[in-house]
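Participant: no FASTA, just this:
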């Protein structure tokens with residue numbers, strides 16, 4: 001199954017539905033030929049990557065870069081390219097879990113967040129998706145980078161568990177850069193950088209109501225709840241992203 005995509009600011013963004021994305025991931029897991037990588041793209045992450053070349057490389061190396069942000073859909077419209085719908089990390093996590101729960105013999109590993117949240121995550125996942133074995137969990141140190149010894153310990157824990165799927169929830173850009181750095185050392189079939197999905201799934205952080213999600217305003221309730229954390233992401237980064245997209249649209253029209 002070939003996946004359709006479009007380039008936005010040099011990034012190859014998947015334009016398929018979440019169902020098609022999940023179906024492709026299932027194929028990768030079933031074939032298991034190499035470690036495949038999913039990352040989420042939104043205006044803020046693409047703006048951060050402008051000043052972080054390693055993060056930019058990590059995002060561009062992803063086998064699936066999903067449009068996890070309504071700003072990507074706006075950017076696509078400005079450029080005249082088609083993205084069928086927004087696809088979030090939660091869509092992939094829940095969609096893939098539902099499909100694999102209808103089968104047998106698959107396992108997953110959770111890397112990130114706190115021990116308490118990992119315990120809640122494991123319990124809920126085992127309750128809702130009992131056919132998927134949670135092969136292990138690991139709460140890494142809460143800092144920007146890890147020592148070589150810490151990194152080896154993380155890799156050993158994952159590879160000893162030998163899961164089919166590795167879910168990484170360490171926030172961007174840390175999680176994407178860690179996956180990019182260690183991808184060839186991971187003995188997994190599929191790894192996904194899913195950010196706050198762990199917190200959304202366990203209820204540690206409340207996700208915006210579906211009404212706001214469907215309107216492309218999922219950011220609004222989070223901005224109200226966390227103004228200091230979210231204002232730059234939603235106003236500075238989004239505005240800068242739109243300006244860049246408009247500039248790219250002008251260049252494309254001129255054939256530059």
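Facilitator: Alright, I've got the coordinates. This is a predicted model, so every value here is computed, not measured.

Participant: Show me what the helix or strand containing residue 249 is packed against.
Facilitator: Here residue 249 sits within helix 238-254, counting by DSSP states H and E. Contacts defined by 3 or more Cβ pairs under 8 Å, 6 or more residues apart in numbering; DSSP states H and E place helix 238-254 against helix 43-50, helix 70-79. Placement of C-beta: from N, CA and C, glycine included.

Participant: Tell me how many other residues crowd the nearest residue to residue 56 once chain neighbours are set aside.
Facilitator: Leaving aside its sequence neighbours, residue 56 sits nearest to residue 49 (Cβ to Cβ, 6 or more residues apart in numbering; 4.1 Å). By other Cβ atoms under 10 Å, 23 other residues sit near residue 49.

Participant: starting at the chain centroid, how far to stretch 65-76?
Facilitator: 13 Å (Cα atoms, centre = their mean, to the nearest Å).

Participant: Quick check: buried residues in that stretch?
Facilitator: Neighbour counts over stretch 65-76 (16 or more other Cβ atoms under 10 Å) mark 65-76 as buried.

Participant: just stretch 155-166 next, same as before
Facilitator: By 16+ other Cβ under 10 Å, the buried positions in stretch 155-166 come out as 157-158, 161, 163-166.

Participant: ditto for stretch 166-180
Facilitator: 166-170, 172-180.

Participant: Quick one: these as JSON lines, columns for distance to residue 18 and pLDDT too.
Facilitator: Converted to JSON lines, the buried residues of stretch 166-180 look like this (distance: Cβ to Cβ, whole Å; pLDDT from 0 to 100):
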{"residue": "166", "distance to residue 18": "20", "pLDDT": "98"}
{"residue": "167", "distance to residue 18": "16", "pLDDT": "98"}
{"residue": "168", "distance to residue 18": "19", "pLDDT": "98"}
{"residue": "169", "distance to residue 18": "18", "pLDDT": "97"}
{"residue": "170", "distance to residue 18": "23", "pLDDT": "94"}
{"residue": "172", "distance to residue 18": "20", "pLDDT": "92"}
{"residue": "173", "distance to residue 18": "23", "pLDDT": "96"}
{"residue": "174", "distance to residue 18": "25", "pLDDT": "96"}
{"residue": "175", "distance to residue 18": "20", "pLDDT": "97"}
{"residue": "176", "distance to residue 18": "20", "pLDDT": "98"}
{"residue": "177", "distance to residue 18": "25", "pLDDT": "97"}
{"residue": "178", "distance to residue 18": "25", "pLDDT": "98"}
{"residue": "179", "distance to residue 18": "21", "pLDDT": "98"}
{"residue": "180", "distance to residue 18": "24", "pLDDT": "98"}
